[in-house]
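Asker: Here is my input, please return the structure:
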Amino acid sequence: MSCFNVRVYGILFNEQKQVLVSDEYIRGGYYTKFPGGGLEFGEGTLDCIVREWQEELTQEVEVVEHIYTTDFFQISAFDNTSQIISIYYLVRPVSPFTAPILNQPFDFEIPEGITEVEGVRWIDWEQFSADSVTLPIDKVVATLLKSKY
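Answerer: Residues are numbered from 1 along each chain as shown. Here you go, the predicted structure:
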């Protein structure tokens, strides 16, 4: 049986030409990725990115343009049984940016018994690269961003 996991992510640059990343503790592992998450049944990808940013960052965004959709096979890092398809959009805020910002990678507490914690931080464009993110598809997108913007 084939199982696909569709993920939708937003890329946000600020006025200082920094890119927003999400540091996440998930099931015992540490990951730096772009903000976003899973497409829900009955939802379009544009609705998904708006919902995910509202849920994770209390941030209203609008999509500016499509950046990338996975064009190679990628097995899930979390279940090893589903194929990941990731869609990335350039987004811009349509409400004031008020999410708490981490000063350093993974600068958060992990309460006892909690399996997922996340926080966001800005990375200066000069320091941003494929090495800034953890997941294989995000690395492809980071390289693409560096060549495109």
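
Asker: Who are the contact partners of the residue positioned nearest the centre of the chain?
Answerer: For the chain, the residue nearest the mean C-alpha position is Phe34 (2.1 Å; C-alpha atoms, centre = their mean). Counting by C-beta atoms under 8 Å, 6 or more residues apart in numbering, Phe34 makes contact with 9-11, 20-22, 88, 133, 138, 141. Where you see a C-beta, it was placed from the backbone N, CA and C, and this is true even at glycine.

Asker: quick one: which of those is nearest Glu112?
Answerer: Proximity of the contacts of Phe34 to Glu112 was ranked by C-beta to C-beta; the top entry is Ser22 with 22.5 Å.

Asker: okay, now that closest one: neighbour count?
Answerer: Ser22 has 22 neighbours, counted by other C-beta atoms under 10 Å.

Asker: do the same with Tyr88
Answerer: Burial of Tyr88 is recorded as 25 neighbouring residues (other C-beta under 10 Å).

Asker: Tell me the secondary structure at it.
Answerer: strand (DSSP: H, G, I helix; E, B strand; the rest coil).

Asker: For my notes, confirm Tyr68 occurs in a strand.
Answerer: Yes - counting by three-state DSSP, Tyr68 is found in a strand.

Asker: No further queries at this time; thank you.
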